[in-house]
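> sharing a model that was predicted from the sequence below.
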Amino acid sequence: MVLESIIPKKFSSNARFFLFAIFLNGIGNGIFEVISQLYFISLGFDGEAIGSLIMMNPVGALLMYTPAGILADRYGRKKMMVGGFILTTIGIILFLSSKDLAILRLSFLIVGLGNAMFVVLTPLYASFFEKEDLDKAFGLNVSINIIAFSIGNLFGFVPSLLINKIGFSIQFAYWILLLTGVFILLIQTPFYMFSIYGLTETERKISFKFELESLWVTMRFTLIAFLGNIAIGVFFTLFPYYANRKFGIESDALGSLFFASRLISAISSMLAPKISLRIGTAETIIIMLSLAAPFYLMIPLAQSWTILSIFYMARVYFSSINEPLITSLFVRNLKEDEKTTANSLRLMGIQGGSILAPWISGQLMMHGSLDLPAYMGTALYIILACSSYPLLRRFMNNNSTNNDFADCELNELL
């Protein structure tokens, strides 16, 4: 009975391959999350340099998202996925082979270009399920990804073992872990390809005239994505750097926090479909944004790592309920043949925030204080919570699967 409330009725082999690829992706990125910024610190980079480095990934993604989305809707998702794998592999090789800041920036840019070509993944995954099961499907997707991330975060304990037991330098120990993460990310490739095996796609006639009937739906969710990503990213993008500089935290303690918070996030993501079924998808999003904001504010006020960790996990619990619901609500109100293009625009909003956030965070930490980005992020998050009602009110009390919102007038956006 419990499984029926969180697992979609239709569950094809394509979906299973896709979710296993998501699992591998989560482990690899979980390693990167806990190790990469500490590795950059070991190279002698400060917060400003790290921020300028991280922002190159969303710069590349922003440049590629719209072309990738349009071409995928016309030429097919398979070709975009192959191109994404090729570019990402090139970027990763550059990343592992250099310690020069300029080369590392180039590698992040190339990886960003490749990541943008995976804009097809969200509509591809949605195509495996019936519309009424999308809340469950995306809740399951997010939960698996989060659990995998938490496993990857536990690799934060490995560097101290490599240093103390084998005698590796801290920099080389971090590099070995990054190499491990890369290997795991590479072996996800065949499983993504298996997930599209047997799917038929019709090659459409090319037209570069931009037309999107679901434009106003897309604009609403793109604005939410932009505000949300910059509100979170302006502080949490450089959170490992913040934790290291303020509390002296290394990869083991950081990995423990990320592991615990990911498990909490997985639980909340699994609960999301049940909550949305009871009170509505849009209503749940608005409420959870409002509940998460106070805990964001408490994080920079914490005087110890333990107290900070409690506030961090509380914020994660409420905010994580939103992630699958926002995606589900967005996708199910789009025309089928516009999903990839529309999703590319929403992802551009996300990446727009990701470009600004690390740069702003680095500047504020270097020229203001370590806590200043957290206060700015809290203010932006409150703006997001307040904006969510006018942006989503048209979806309230309506979990339908049609496209009634595609013809919204511009003056109804706010």
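Sure, I can see it. Residues are numbered from 1 along each chain as shown.

> the helix or strand containing L291: which residues count as buried?
Per DSSP states H and E, L291 falls inside helix 281-301. For helix 281-301, the neighbour count (16 or more other CB atoms under 10 Å) marks 281-293, 295-300 as buried. Quick note: C-beta positions are derived from backbone N, CA and C, even for glycine.

> what number of residues are in the vicinity of the closest residue in space to L356 that isn't next to it in sequence?
Distances taken as CB to CB, 6 or more residues apart in numbering place I230 nearest to L356, at 5.6 Å, with adjacent residues excluded. Using other CB atoms under 10 Å, the number of residues around I230 comes to 24.

> check contacts around I230.
By CB atoms under 8 Å, 6 or more residues apart in numbering, the contact set of I230 is 352-354, 356-357, 380.

> one more time with 10 Å, if that's ok
Contact analysis of I230 by CB atoms under 10 Å, 6 or more residues apart in numbering lists 237, 349-350, 352-357, 360, 376-377, 380-381, 384.

> buried subset of the residues you listed?
Neighbour counting with 16+ other CB under 10 Å marks 237, 349-350, 352-357, 360, 376-377, 380-381, 384 as buried within the contacts of I230.

> just for the stretch 1-150 of the chain, where's the confidence low?
1-6, 73 (pLDDT under 70).

> quick one, helices of it?
Ranges of helices in the stretch 1-150 of the chain, per DSSP state H, counting those that start in this stretch, are 13-42, 47-54, 56-75, 77-97, 101-116, 121-126, 134-153.

> and for the stretch 201-350 of the chain?
Here the stretch 201-350 of the chain has its helices, by DSSP H, counting those that start in this stretch, at 215-236, 239-247, 251-279, 281-301, 305-331, 339-367.

> looking at those, which is closest to Y75?
Closest to Y75 of the helices of the stretch 201-350 of the chain is helix 339-367 (CB to CB; 10.6 Å).

> which elements pack onto that closest one?
helix 47-54, helix 56-75, helix 101-116, helix 121-126, helix 215-236, helix 239-247, helix 305-331, helix 372-392 (3 or more CB pairs under 10 Å, 6 or more residues apart in numbering; DSSP states H and E).

> could you give the angle of it to helix 239-247?
20 degrees (axes from the mean of the first three to the mean of the last three CA atoms, to 10 degrees).

> got the angle for helix 339-367 vs helix 101-116?
Angle, helix 339-367 to helix 101-116, by the same axes, to 10 degrees: 150 degrees.

> how far does helix 339-367 sit from its chain's centre?
Remark: helix 339-367 is offset 11 Å from the chain centroid, using CA atoms, centre = their mean, to the nearest Å.

> need the helices of the stretch 1-150 of the chain in JSON lines with mean neighbour count and distance to D252, can you?
As requested, these are arranged in JSON lines below (neighbours: other CB atoms under 10 Å; distance: least, CB to CB, whole Å):
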{"stretch": "helix 13-42", "mean neighbour count": "21", "distance to D252": "9"}
{"stretch": "helix 47-54", "mean neighbour count": "22", "distance to D252": "20"}
{"stretch": "helix 56-75", "mean neighbour count": "22", "distance to D252": "26"}
{"stretch": "helix 77-97", "mean neighbour count": "18", "distance to D252": "23"}
{"stretch": "helix 101-116", "mean neighbour count": "21", "distance to D252": "25"}
{"stretch": "helix 121-126", "mean neighbour count": "22", "distance to D252": "32"}
{"stretch": "helix 134-153", "mean neighbour count": "25", "distance to D252": "10"}
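
> got those helices as a markdown table, with distance to Y317 columns?
Below are those laid out as a markdown table (distance: least, CB to CB, whole Å):
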| stretch | distance to Y317 |
| --- | --- |
| helix 13-42 | 18 |
| helix 47-54 | 26 |
| helix 56-75 | 26 |
| helix 77-97 | 32 |
| helix 101-116 | 27 |
| helix 121-126 | 24 |
| helix 134-153 | 12 |
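
> among those, which comes closest to M219?
Per CB to CB, nearest to M219 of these: helix 56-75, 14.1 Å.

> what angle separates the closest one from helix 77-97?
Computed by the same axes, to 10 degrees, the angle separating helix 56-75 from helix 77-97 equals 160 degrees.

> name the helices or strands packed onto helix 56-75?
Using 3+ CB pairs under 10 Å, 6+ apart, helix 56-75 is in contact with helix 77-97, helix 101-116, helix 121-126, helix 339-367.

> mind checking the ones you listed for the one nearest to A260?
Closest to A260 of the helices and strands packed on helix 56-75 is helix 339-367 (CB to CB; 23.4 Å).

> now the angle between helix 372-392 and the closest one, please.
Computed by the same axes, to 10 degrees, the angle between helix 339-367 and helix 372-392 is 150 degrees.

> just want the angle from helix 339-367 to helix 215-236.
Inter-element angle recorded for helix 339-367 and helix 215-236: 30 degrees (by the same axes, to 10 degrees).
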